[in-house]
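>>> from the sequence below, what's the structure:
(one chain, ligands or ions: 2)
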Amino acid sequence: MTWVVVPAAGRGVRFGGELPKQYLQVAGEPLIAHSLRALFAHPGVKGAVVALAAGDAHWQGWSDGSGRPVIACIGGGTRAESVLAGLAALPDEVRADAFVLVHDAARPNLRLSDLSALLERGREDPVGAILATPVRDTLKRAGDDGGIDATEPRERLWRAQTPQLFRRLQLRRALEAAAADGVEVTDEAMAMERLGLRPLLVEGAEDNLKVTTPADLAYFEFLLERRAR
Ligand SMILES: Nc1ccn([C@@H]2O[C@H](COP(=O)(O)OP(=O)(O)OP(=O)(O)O)[C@@H](O)[C@H]2O)c(=O)n1
Ligand SMILES: C[C@](O)(CO)[C@H](O)COP(=O)(O)O
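Ligands and ions are numbered 1, 2, ... in the order given. Model (predicted):
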């Protein structure tokens with residue numbers, strides 16, 4: 001059984017608006033509820049710790065009725081601080097060497113098949129694993145004037161997603177090491193890589209999107225409507 005840390009303390013600056021994007025309503029539920037429901041669809045998920053912004057007045061708690069716990073804690077000013085707070089808030093029953101999932105509150109369309117594949121293959125890896133998708137577009141580096149400076153090689157480039165699966169103590173130490181070195185990691189795997197570790201890439205679905213902008217929200221609404229047909 002695996003616990004999940006859900007970093008949910010972001011402000012959604014790129015999305016805009018007053019309401020943090022994890023609380024935007026889609027099909028009558030906030031995005032974070034969709035993300036939690038996708039996680040709890042897997043029977044191997046034992047519970048979740050949600051790292052909230054200090055003073056978050058929007059969190060109303062969440063349950064799927066299974067009795068599995070969803071615990072709230074206070075995150076931090078960076079993703080890494082929020083994930084560290086979530087790791088610290090895990091119950092004592094979660095051993096130091098236990099695998100823990102980290103999943104963005106803003107990734108509501110996680111497929112059960114992808115979560116199952118990550119758990120199955122990640123648990124067999126000595127380090128852990130992340131969901132990701134191979135880059136299939138040509139990549140351009142932009143100049144200050146908006147023109148193309150270069151085409152970047154795309155061979156063996158992947159776009160990281162979440163969930164990401166790592167052992168509790170190893171991830172905590174990796175995140176603490178990055179912070180001590182003044183490095184702000186953008187995902188948990190980056191902290192592990194800095195220590196010379198090589199997490200496994202597990203291919204996920206392209207539609208496991210992170211809602212960052214209004215266009216992403218519209219895409220998720222479309223995906224939900226299509227699923228309902
Ligand atoms: N200090 C932070 C920053 C981000 N997150 C969480 O990390 C996930 C992915 O981050 P992102 O999509 O960047 O969310 P925001 O930081 O809210 O977006 P923005 O960068 O546009 O403000 C989100 O669930 C967000 O709530 C967090 O828990 N703590
Ligand atoms: C963790 C992540 O979703 C993997 O792609 C991404 O790095 C989060 O980045 P953000 O800037 O915090 O949204």
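
>>> which residues does stretch 176-194 contact?
Here stretch 176-194 makes contact (Cβ atoms under 8 Å, 6 or more residues apart in numbering) with 78-81, 83-84, 102, 127-128, 130, 160, 162, 164, 166, 170-171, 174-175, 195, 199. (Glycine included, C-beta is placed from N, CA and C.)

>>> from those residues, which ones fall inside helices?
Of the contacts of stretch 176-194, the ones assigned to helices by DSSP state H are 79, 80, 81, 83, 84, 170, 171, 174, 175.

>>> against ligand 2, which of these make the cut? List them.
Applying Cβ under 6 Å from any ligand atom, the subset of those adjacent to ligand 2 comprises residue 79.

>>> by neighbour count, which of the ones in helices among the contacts of stretch 176-194 wins?
Ranked by the number of neighbours (other Cβ atoms under 10 Å), the ones in helices among the contacts of stretch 176-194 place residue 83 first, at 29 neighbours.

>>> the longest helix along the chain near ligand 1 anywhere?
Scanning the chain for the longest helix, with DSSP H as the assignment, gives helix 214-228. No. Contact between helix 214-228 and ligand 1 is absent, the nearest approach being 9.4 Å (criterion: Cβ under 6 Å from any ligand atom).

>>> need the mean per-residue confidence for that helix.
Mean pLDDT, computed over helix 214-228, is 95.

>>> who touches it?
Contact with helix 214-228 is made by 15-16, 21, 24, 26-27, 31, 34, 108-109, 207, 209-211, as judged by Cβ under 8 Å, 6+ apart.

>>> residue 106 is in contact with residue 14, correct?
No. Contact between residue 14 and residue 106 fails when scored by Cβ atoms under 8 Å: they sit 10.4 Å apart.

>>> before we move on, back to that, distance from the chain centre to the longest helix of the chain, please.
A distance of 19 Å separates the centroid of the chain from that of helix 214-228, by Cα atoms, centre = their mean, to the nearest Å.

>>> also stretch 114-131?
Distance of stretch 114-131 from the chain centroid (Cα atoms, centre = their mean) equals 14 Å.
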